[in-house]
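Chemist: Quick one, what's the 3D model for this:
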Amino acid sequence: MPQPRFCRAIVLAVVAFCAAPAQAQTPLNTDSKAIFDTATASVKSDAPSDAIAQLELLADRGILHPDVSFNRAVAYIKRAHTARHSRATWDAPWQLWRKQSF
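Modeler: Below is the predicted model of the structure:
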């Protein structure tokens, strides 16, 4: 038979877990909505670094919104897949080193 203290702890953990998502969203005000729309347009136009800067600005302001988090993740993924940040760019110095004769 479980201890009453253990049961209370489980109930408290479940209540805390269920109540947390209700508070994890901050509504976007007019200024934040404008920044979010600019960042979304930057993501769509393949300018992920600009989008990341704008979305991080919203995070710095304390905006907790699932759409902001999702768009920021998409922007980071897009930036990782750009030519400037791709694996081919990082492999180039090693390929040159391998080709040198000592």
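
Chemist: can you pull the contacts of L28?
Modeler: F36, I63, H65, V68 (CB atoms under 8 Å, 6 or more residues apart in numbering). (C-beta placed from N, C-alpha, C; glycine too.)

Chemist: Filter those down to the buried ones and hand me the PyMOL line.
Modeler: For anyone working in PyMOL, the buried entries among those, judged by 16 or more other CB atoms under 10 Å, can be selected with:
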select buried, resi 36+63+65+68
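
Chemist: Among the contacts of L28, which are located in helices?
Modeler: F36, V68 (DSSP state H).

Chemist: what's the closest of the contacts of L28 to D46?
Modeler: Among the contacts of L28, F36 lies closest to D46 (CB to CB), at 18.0 Å.

Chemist: mind listing the helices in this protein by residue range?
Modeler: Using DSSP H, helices in the chain cover 4-23, 30-44, 48-60, 66-80, 87-99.

Chemist: per-stretch mean pLDDT over these, give me the minimum one.
Modeler: Mean pLDDT across the helices of the chain is lowest at helix 87-99; the value there is a mean of 53.
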